[in-house]
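# sequence first, then the predicted structure, then my questions.
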Amino acid sequence: MKDRMLVMGRQAREAADGLRSAPAEARTRALNALSRRIGQAENRILQANALDVTAARDAGMSEALIDRLALTPARVQGMAHAVEQIADQPDPLGAEMARWTPANGLDIARVRTPIGVLGVIYESRPNVTADAAALCIRSGNAAILRCGSDCLQSSLAIAAVVGEALEEAGLPRAAVQLVETADREAVGLMLTGLDGAIDLLIPRGGKSLVQRVQDEARVAVLGHLEGLCHTYLHAAADVEVARAVVLNAKMRRVSVCGATETLLVDRAGAERLLPPVAADLMAAGCELRGDEEARALVAGMAPATLGDWTTEYLAPILAVRILDDLDAACAHIRAYGSGHTEAIVTTDAEAAERFAVRVDSAIVMINASTQFADGGEFGFGGEIGISTARLHARGPVGAEQLTTYKYVVRGTGQTRP
């Protein structure tokens, strides 16, 4: 295992050099080929995914996690469309971020450049294989992908298509490599950096996976912690907007990291807002767990415990708390949130802006569902994850966020006195 992983690291490093120097048109050709080939390989991908889903059910995996794992014809076509969107984006490499001339007469430019080799470790979502491959190709980074055992067959099928697309475009096939085994030793070896081959690790999965990577990695990590997202109903919220936003934020897909897990309600508007919002949620099959005040307004609501404020359910369960005001809502988010995505529903523009300033999460929504926390919805085509880190990149991580920069300094013979 170790020898094979080290070989993958060396191949990735060599491929990164080729990808970095390739023209933007070649990377675009590879992405267009990948989009087309995913569509053509739909049956092959679905057959592989069926093996993963059957194995997951036999192992007793929850339906919420199976929803993350399962592919349908629409989801396969969605993968192809996401890659197409990434292909249509401007190539970020070489783009000037700034340019200036100081007193010494030097022409200084700050330009975008690839990070190098990315190690992406993820769990149940096979679409990450396509998203990560496409974003790395667009940003000029080589990638070593390690999926979870539950989506291995699906990912192998998608990775084969990626390799075919790279070869079609004349790019090194080793630019995107998938670890072809579920052996956990592979993760440990990637955390060492593979003798300096890996420049950045990106974990995408549950809290335990991310924590392990952050604790044990010997190279830089772009963190994606759990999505403990909040929606706050301000006293000035429009009741119909509140009903629509909260229902979508919780129940559109309960298994995504942008799903709202806690509903916060202003005490001044609770009697007007909470009962109709709760009725919609309960009619949709959502279990509500509330504090004493919330339960007094909504019959059938279970009591909440302290643990409910810190739980990412990924299930049709929602914690509900009534608070004094916007300041108290911000304090709750600061105390219990994971820094992912928070939303406010209000007709008070001043309150909305105050919430946006005070809440220091990667994404702040105003009168919109937290489920818009997605690279595709942000216009990135896809994402490699939602970063809750404070350095390098925050929020949806698309192709541009997978670049760093360097300085290109042009002179006319200057020497420093």
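Great, that's in hand.

# what about the helices in the chain?
2-21, 24-40, 42-58, 63-69, 73-88, 127-139, 152-168, 185-191, 207-216, 239-251, 267-283, 292-297, 326-336, 349-358 (DSSP state H).

# can you redo those helices as a markdown table with distance to R394, mean neighbour count and mean pLDDT?
Every C-beta, even on glycine, is put in place using the N, C-alpha and C of the backbone. Below are those laid out as a markdown table (distance: least, CB to CB, whole Å; neighbours: other CB atoms under 10 Å; pLDDT from 0 to 100):
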| stretch | distance to R394 | mean neighbour count | mean pLDDT |
| --- | --- | --- | --- |
| helix 2-21 | 25 | 18 | 95 |
| helix 24-40 | 25 | 20 | 97 |
| helix 42-58 | 32 | 17 | 96 |
| helix 63-69 | 23 | 18 | 85 |
| helix 73-88 | 20 | 19 | 95 |
| helix 127-139 | 16 | 28 | 95 |
| helix 152-168 | 27 | 22 | 98 |
| helix 185-191 | 23 | 19 | 94 |
| helix 207-216 | 15 | 15 | 85 |
| helix 239-251 | 20 | 20 | 98 |
| helix 267-283 | 29 | 18 | 98 |
| helix 292-297 | 31 | 16 | 98 |
| helix 326-336 | 16 | 17 | 98 |
| helix 349-358 | 14 | 15 | 98 |
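
# reformat the ones you listed as JSON lines; add distance to T113.
Listed next are the helices of the chain as JSON lines, based on distance: least, CB to CB, whole Å:
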{"stretch": "helix 2-21", "distance to T113": "7"}
{"stretch": "helix 24-40", "distance to T113": "13"}
{"stretch": "helix 42-58", "distance to T113": "33"}
{"stretch": "helix 63-69", "distance to T113": "34"}
{"stretch": "helix 73-88", "distance to T113": "18"}
{"stretch": "helix 127-139", "distance to T113": "10"}
{"stretch": "helix 152-168", "distance to T113": "20"}
{"stretch": "helix 185-191", "distance to T113": "23"}
{"stretch": "helix 207-216", "distance to T113": "25"}
{"stretch": "helix 239-251", "distance to T113": "38"}
{"stretch": "helix 267-283", "distance to T113": "47"}
{"stretch": "helix 292-297", "distance to T113": "51"}
{"stretch": "helix 326-336", "distance to T113": "36"}
{"stretch": "helix 349-358", "distance to T113": "32"}
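
# so which of those helices comes closest to P417?
Closest to P417 of the helices of the chain, according to CB to CB: helix 2-21, at 35.5 Å.

# other SSEs contacting the closest one?
strand 107-114, strand 117-122, strand 142-146, strand 176-178, helix 185-191 (3 or more CB pairs under 8 Å, 6 or more residues apart in numbering; DSSP states H and E).
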